[in-house]
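**Student:** no sequence on this one, just coordinates:
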DNA sequence: TACGTCTGATTAATCGTTTAATCAGACGTA
DNA sequence: TACGTCTGATTAAACGATTAATCAGACGTA
């Protein structure tokens, strides 16, 4: 009742005040030449009437929608909230809206989701590609968040460095035999994390791919970590918190004490890492920073299309940026049990 | 090179074929009167040129943007992915795009996020309100997903019924003394779930609010469940998986066996419930169905504004719908230990 | 032949904003 | 007085689609 459903238009304000629409537009955007006094009067009238600019009108005229797309491999991914929140925040700061696109399920969905966003007229998009997927040419600027080793990547966390961090932490505690746990061989991110872990020379590692165990034993299958422990491993470094949780609860259930008997580490610092007992040592990525850079690069490309790499794909021509990860030490890591250390030393001699 | 950056316009197609833009528009939308032969020719030309309609142009003319907003209390909420995915999917099916709005942090953020979406010209929005917040009048159709007891609610899971489900399950297993764990007294959802649990008369319950313990003991504080166990509780029914995980790991760490010594249940069926040991008995809501209904009602209101309740707020005038929850029985629940049952019987006599 | 009807297509207005081009004065200066 | 300059505002043309109104023929019928 108070404010009519379809708000007042620019012309309405112009009319009631007695000036041209151009002047109103200028006053509101602060662009043209309008006397301060009149500008103030217009602004006052505008929000007195509850004026809201028509985004369609503006978009049509300017050719920019003020909206960017966010494409995610699988929205149900537990890491997604962090990413979406960070991107949404950074985009809002930059004056953009965020349209989501879910590319779950079949691999073709990613292309399809991207297509839908383009149809909706996004000015650019941020893509977190599916594992092993490459983003194909898109008719607008695209910032890719994956991992430095992925071709076409724009910005990402230093997954390799994160792996190193974990491994060094375990090494410093005295661990020498560490069981690495991965989930998906095709994931660039996971491979980079594992490579980082393996790069720490003090450690003797072995990698357990969960996917294999998974299929062997069925979904409910356990990791059968007990035998690994007997082989002399004193720590388990996983490539994600989910797997760490899996390992931690399985070990605990079978009577192992964490971290006294065995240390466990995760990756990503999901929301529950601090509330479990023992709380989980993990590695966090600075999503706010990553999102900020992604949006910044993207906006630059939107404003200056020359920054788009024409020769290759429509990916951004900008230095690839890598953001350091940080180790979050909690209670799931500690020095290895004496027994094992002795055994290991004996083995060396 | 092949397709110019700014795609061909409607007029371009009209020109190359030699007809009017109106005819092209009609042919593509299938609305006006166009001969089949010509329509086919136009369509062929259109996607030969890779024509993509300008959403701005269309939105301006039709007054509808084809985009709806999704406002969430806190994107970082672990339940968020499910919601977002379901809404995105349902909206896509209905031909709408989804613009996200995060109302994290201060309470005023919700209103602000909503405002931003309205400015962006959404045709309607789905709001999952903050705890205890009420959605104030918005200048477009709004579907609210919260809980049936919330005024203005449009559709939601039957949280009360879910609570009943858990409680009955425990009662059927033989439990009589159950410790209820909540996290936030202001949450309508949590209160409904707890009320449902308490409604099962076979159970004697007591409620532990996590927020109190939390502040008393600091963030790292444990739930001190050991003493509760000694008081004769044989099961812990929480109001969310997060708290169930918290309880489960704490008990396990202190040597209790789950489910042999004590049963634990969660709520929401988060992605990790099935991979922990023991896997967690939880209650799942049918988000796909809820989202489907929300979008359906919303679309109806968008197409027929008469469905908007003008007298009250701009909420939808539609029967409130409630979607049943389903119990997911896993390995964290079992009959109570003999010892306790005996003790309880003795207590009764 | 004249008239109504139906079909297939066109004309032209419109949605609401932005912005380049223009204009009317005022003012200072030569 | 005449001329350039500067300021504050206006004019009018887009932007790209949709759609009501109109029109030209073809055809059937009285």
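**Tutor:** Now that the structure is in, tell me what you want to look at. Not measured: the values here are computed from a predicted model.
**Student:** Please report how far the residue nearest to residue A:164 when sequence neighbours are not counted lies from residue A:264.
**Tutor:** Distances taken as Cβ to Cβ, 6 or more residues apart in numbering or on different chains put residue A:196 closest to residue A:164, at 4.3 Å, once the chain neighbours are dropped. Yep, even glycine has a C-beta here, placed from its N, CA and C like the rest. To residue A:264, residue A:196 is 18 Å away according to Cβ to Cβ, to the nearest Å.
**Student:** what about these two, which has more around it?
**Tutor:** Ranked by neighbour count (other Cβ atoms under 10 Å in any protein chain shown), residue A:196 and residue A:264 place residue A:264 first, with 29 against 22.
**Student:** pLDDT at the residue nearest to residue A:164, what is it?
**Tutor:** Looking at residue A:196, its pLDDT is 98.
**Student:** now the one 5 residues further on
**Tutor:** Note for residue A:201: predicted pLDDT of 97.
**Student:** Residue A:159 versus the residue nearest to residue A:190 when sequence neighbours are not counted, what's the distance?
**Tutor:** The shortest distance from residue A:190 to any non-neighbouring residue, by Cβ to Cβ, 6+ apart, is to residue A:239 (4.6 Å). For residue A:239, the distance to residue A:159 under the criterion Cβ to Cβ works out to 9 Å.
**Student:** and the residue nearest to the spatial centre of chain A, what helix or strand is that in?
**Tutor:** Residue closest to the mean C-alpha point of chain A, counted by Cα atoms, centre = their mean, is residue A:83 at 3.9 Å. Residue A:83 belongs to helix A:80-93 when assigned by DSSP states H and E.
**Student:** Whether that helix contacts chain B - can you check?
**Tutor:** Yes. When contact is scored as Cβ under 8 Å from any Cβ of the partner chain, part of helix A:80-93 falls within range of chain B: A:80-82, A:84-85, A:88-89, A:92.
**Student:** Now do that helix, average pLDDT.
**Tutor:** Averaging pLDDT along helix A:80-93 yields 92.
**Student:** and the angle for the following helix or strand past it with strand B:97-102?
**Tutor:** The first helix or strand that comes after helix A:80-93 along the chain, using DSSP H and E, is strand A:97-102. Between the direction of strand A:97-102 and that of strand B:97-102, the angle (axes from the mean of the first three to the mean of the last three Cα atoms, to 10 degrees) works out to 120 degrees.
**Student:** Does strand A:97-102 reach chain B?
**Tutor:** Yes. On the criterion Cβ under 8 Å from any Cβ, strand A:97-102 is in touch with chain B at A:97-102.
**Student:** circling back: so what's in contact with residue A:239 and residue A:159 at the same time?
**Tutor:** residue A:193 (Cβ atoms under 8 Å, 6 or more residues apart in numbering or on different chains).
**Student:** higher neighbour count, those two?
**Tutor:** In terms of neighbours (other Cβ under 10 Å), residue A:239 is the more surrounded of residue A:239 and residue A:159; the figures are 32 against 28.
**Student:** DNA strand C contacts on the stretch 1-150 of chain A?
**Tutor:** Counting by Cβ under 7 Å from any atom of the strand, the stretch 1-150 of chain A comes close to DNA strand C at A:6, A:9-11, A:21-22, A:25-26, A:28-29, A:31-32, A:51, A:53-54, A:56-58, A:60-62.
**Student:** Show me which of those are buried.
**Tutor:** In terms of neighbour count (16 or more other Cβ atoms under 10 Å in any protein chain shown), the buried residues within these are A:9-10, A:25-26, A:28, A:51, A:53-54, A:56, A:58, A:60.
**Student:** Those residues: which two are farthest apart?
**Tutor:** Across those, the two members that end up farthest from each other (Cβ to Cβ) are A:26 and A:56, 20.2 Å apart.
**Student:** Surely residue A:254 touches residue A:226?
**Tutor:** Yes. When contacts are counted by Cβ atoms under 8 Å, residue A:254 is listed as touching residue A:226 (6.1 Å).
**Student:** still on that earlier bit, save the residues of helix A:80-93 next to chain B as CSV, and put in neighbour count too.
**Tutor:** Conversion of the residues of helix A:80-93 next to chain B to CSV gives the following (neighbours: other Cβ atoms under 10 Å in any protein chain shown):
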residue, neighbour count
A:80, 24
A:81, 24
A:82, 22
A:84, 26
A:85, 22
A:88, 25
A:89, 20
A:92, 18
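**Student:** Quick one: those as TSV, columns for distance to DNA strand D too.
**Tutor:** Shown next, in TSV, are those (distance: Cβ to the nearest atom of the strand, whole Å):
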residue	distance to DNA strand D
A:80	33
A:81	35
A:82	37
A:84	30
A:85	33
A:88	28
A:89	31
A:92	25
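**Student:** just curious, which of those is nearest to DNA strand C?
**Tutor:** Distances from DNA strand C to those, taken as Cβ to the nearest atom of the strand, are shortest for residue A:92 (18.4 Å).
**Student:** Relative to residue A:117, how far out is the nearest residue to the closest one once chain neighbours are set aside?
**Tutor:** Distances taken as Cβ to Cβ, 6+ apart place residue B:116 nearest to residue A:92, at 6.9 Å, with adjacent residues excluded. Separation of residue B:116 from residue A:117 (Cβ to Cβ): 19 Å.
**Student:** more neighbours, those two?
**Tutor:** A side-by-side neighbour count of residue B:116 and residue A:117, using other Cβ under 10 Å, places residue A:117 first with 24 against 18.
**Student:** thought that one was touching residue A:101?
**Tutor:** Yes. With contacts defined as Cβ under 8 Å, residue A:117 counts as touching residue A:101 at a distance of 5.0 Å.
**Student:** Quickly list what's touching both of those two.
**Tutor:** A:69, A:71, A:125.
**Student:** you'd agree the second one is up against residue A:109?
**Tutor:** Okay, so that is residue A:71. No. Contact criterion Cβ under 8 Å: residue A:71 and residue A:109 do not qualify, at 9.8 Å.
**Student:** Which one of these two is surrounded by more residues?
**Tutor:** For residue A:71 versus residue A:109, neighbours defined as other Cβ under 10 Å are more numerous around residue A:71 (27 against 17).
**Student:** The more buried one: what's it in contact with?
**Tutor:** Contacts for residue A:71 were tallied using Cβ under 8 Å, 6+ apart; they are A:101-103, A:110, A:113-114, A:117, A:125-128.
**Student:** Same question for residue A:128.
**Tutor:** When contacts are taken as Cβ under 8 Å, 6+ apart, residue A:128 is in contact with A:71-73, A:83, A:144-146.
**Student:** can you tell me how far it sits from DNA strand C?
**Tutor:** Distance, residue A:128 to DNA strand C, using Cβ to the nearest atom of the strand, to the nearest Å: 32 Å.
**Student:** Show the model's pLDDT score for the residue nearest to residue A:190.
**Tutor:** Predicted confidence (pLDDT) for residue A:239: 97.
**Student:** and if you look at residue A:249?
**Tutor:** The model's pLDDT for residue A:249 equals 95.
**Student:** One more: the one 10 residues further on?
**Tutor:** Among the per-residue scores, residue A:259 holds a pLDDT of 97.
**Student:** tell me which element the closest residue to it other than its chain neighbours falls in.
**Tutor:** Once its chain neighbours are removed from consideration, residue A:259 has its nearest residue in residue A:334; the separation is 3.6 Å (Cβ to Cβ, 6+ apart). Assignment of secondary structure by DSSP H and E places residue A:334 within no helix or strand.
**Student:** wait, doesn't residue A:334 sit right on residue A:261?
**Tutor:** No. With contact defined as Cβ under 8 Å, residue A:334 and residue A:261 do not form a contacting pair (9.6 Å).
**Student:** Have a look at those two and say which one is more surrounded.
**Tutor:** residue A:334 (20 against 17).
**Student:** Give me the packing partners of the helix or strand harbouring residue A:246, helices and strands only.
**Tutor:** Using DSSP H and E, residue A:246 sits within helix A:241-253. Applying 3 or more Cβ pairs under 8 Å, 6 or more residues apart in numbering or on different chains; DSSP states H and E, one finds that helix A:241-253 contacts helix A:225-230, strand A:235-238, strand A:263-265, helix B:241-253.
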